[in-house]
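> please work out how this folds:
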Amino acid sequence: MTRLCTLLLLALFAVGCSSLGATDPAELRGGEWVVVRLEADPVPEGAGLTLRFEEAQLSGNSGVNAFHGAVVCEADGTFEAGPFALTRRAGPPEAMARESLMLVALERADRWRIERGELHLIAGDSTLLVCESR
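Alright, predicted model coming up:
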């Protein structure tokens, strides 16, 4: 019985660890990530919020403006981004509000992980951004 309980606990631990997601920084690079959730809200289809990771650089589109800046993504899940340089176009109020929220979320995020093919950027216990690879 003790052996069965030990095996069950090990199996539960393994499942729990695998749900934490991948944190290999190489998985971020080479493609475009489309933001599908911002804070707790879904991003409207076609809003144009994108991220592109290259070595130590993050660039993308905030739906209104293009941006780029420094990024650190470590294998331990550490994430640090910004400050960002942006183009200076104006857009509809709702798009400008999304842009502001997205850029603040990128600078607030302190952890990252890929789970079920989605990139999650996290601060504390809150998921700030969820992105899909395209």
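> mean confidence for the helix or strand containing Val71?
Element membership for Val71, per DSSP states H and E: strand 66-73. When pLDDT is averaged over strand 66-73, the result is 98.
> in its sheet, which strands sit next to it, and in what direction?
The strands that strand 66-73 pairs with in its sheet are strand 57-62 (antiparallel), strand 79-86 (antiparallel) (by DSSP bridges).
> which of those sits closest to Gly48?
For Gly48, the closest of the strands paired with strand 66-73 is strand 57-62, at 5.4 Å, according to CB to CB. (Each C-beta comes from the backbone N, C-alpha and C, glycine too.)
> where exactly do the helices run in this protein?
2-18, 93-108 (DSSP state H).
> in the protein, where is pLDDT below threshold?
Within the chain, the stretches with pLDDT under 70 are 1-22.
> list the buried residues of the strand holding Val71.
For strand 66-73, the neighbour count (16 or more other CB atoms under 10 Å) marks 67, 69, 71, 73 as buried.
> quick one: it to helix 93-108, angle?
20 degrees (axes from the mean of the first three to the mean of the last three CA atoms, to 10 degrees).
> just how off-centre is strand 66-73 within its chain?
In terms of CA atoms, centre = their mean, to the nearest Å, the centre of strand 66-73 is found 12 Å from the chain centre.
> who touches that strand?
Strand 66-73 has contacts (CB atoms under 8 Å, 6 or more residues apart in numbering) with 25, 28, 53, 56-61, 78-87, 103, 112.
> of these, just the buried ones, ChimeraX syntax please.
Here is the ChimeraX command that selects the buried residues among the contacts of strand 66-73 (16+ other CB under 10 Å):
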select :25,28,53,58,59,60,61,79,81,82,84,103,112
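> from Arg88, how far off is the closest residue to Leu129 other than its chain neighbours?
Spatial nearest neighbour of Leu129, excluding adjacent residues (CB to CB, 6 or more residues apart in numbering): Leu121 at 4.3 Å. Note on Leu121: its distance to Arg88, by CB to CB, to the nearest Å, is 25 Å.
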